[in-house]
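> Take this sequence and fold it.
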Amino acid sequence: MITELPRVTFKTRVPDESSVCPITGDASYIWKYVTTQELFDGKKSIVFSLPGAFTPTCSTYQLPDFEKLYPQFEAQGIDEIYCLSVNDSFVMNAWAKDQNLENVKVIPDGSGEFTRQMGMLVDKDNLGFGQRSWRYAVYVDGQKIVHSWVEPGREDNAGDDPYGETVPSKVLADLVKLGD
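Coordinates of the predicted model:
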């Protein structure tokens, strides 16, 4: 795996607090382009990437468990936890809302550019997904990758979607050991 995060620009949709719908009271959304430097510089972060929003393992276990364990990650010096997927911002925002996220932030990698540069872009045509991310997590200090967790068997159209190395409790336990 590479030793530094790729430098890319993520195309995100964020609430525009200056423009509120008079009927619902909800903020409208605007495009905001955010760079890896803006997200990660000066912070210690966990980034985990998964095959897709709203998929069973991702929605039932991985994302909710990172959300629940956020205070314990924070106690280990982690400033941010980011969930990245090869999905567009509309899908990632809807998923974050569906999951009631308060701590984990989502990053849309709609074109897969970040994931490709990480060396984790795989074909999942066997599932009708197209190109998606292999499941992995990284601990980063600024732009530098300090430690990584990658599920075994990474290949195009893999029959399995392993989930063991990137289980949030394992990532946390390994992070504690790294701090010792």
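> What average pLDDT does the lengthiest strand in the chain get?
The residue-count maximum for a strand in the chain (DSSP state E) belongs to strand 9-20. The average pLDDT for strand 9-20 rounds to 88.
> buried ones in it?
The neighbour-count check on strand 9-20 (16 or more other C-beta atoms under 10 Å) flags Phe10, Thr12, Arg13 as buried. Just so you know, the C-beta spots here come from the backbone N, C-alpha and C atoms, and that holds for glycine as well.
> What's the mean pLDDT across stretch 162-180?
Stretch 162-180 shows a mean pLDDT of 96.
> Extract the CA atoms of the longest strand of the chain and return them as CSV.
The C-alpha trace of strand 9-20 is given here as CSV (Å, rounded to 0.1, in the frame of the first residue of the first chain):
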residue,chain,number,x,y,z
THR,A,9,-10.7,16.9,-4.9
PHE,A,10,-13.9,15.4,-3.7
LYS,A,11,-17.2,16.8,-5.1
THR,A,12,-19.5,17.0,-2.1
ARG,A,13,-23.0,18.5,-1.4
VAL,A,14,-23.3,20.4,1.8
PRO,A,15,-26.2,22.3,3.4
ASP,A,16,-26.5,26.0,2.5
GLU,A,17,-27.6,27.5,5.7
SER,A,18,-28.3,30.8,4.0
SER,A,19,-31.0,29.2,1.9
VAL,A,20,-33.8,27.5,3.8
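> Given that strand, what are its sheet partners and their directions?
As defined by DSSP bridges, the strand partners of strand 9-20 come to strand 27-35 (antiparallel).
> correct me, but Leu5 touches Phe40?
Yes - Leu5 is within contact range of Phe40, at 6.2 Å (criterion: C-beta atoms under 8 Å).
> what about the most centrally placed residue in the chain, which helix or strand?
In the chain, the residue lying closest to the centroid (C-alpha atoms, centre = their mean) is Cys83, at 1.8 Å. Cys83 belongs to strand 80-85 when assigned by DSSP states H and E.
> Need the contact partners of the next helix or strand after that strand.
Past strand 80-85, further along toward the C-terminus, the next helix or strand under DSSP H and E is helix 89-98. Here helix 89-98 makes contact (C-beta atoms under 8 Å, 6 or more residues apart in numbering) with 11-13, 29, 53-54, 59, 63, 85, 87, 104-108, 110.
> No more questions from me, cheers.
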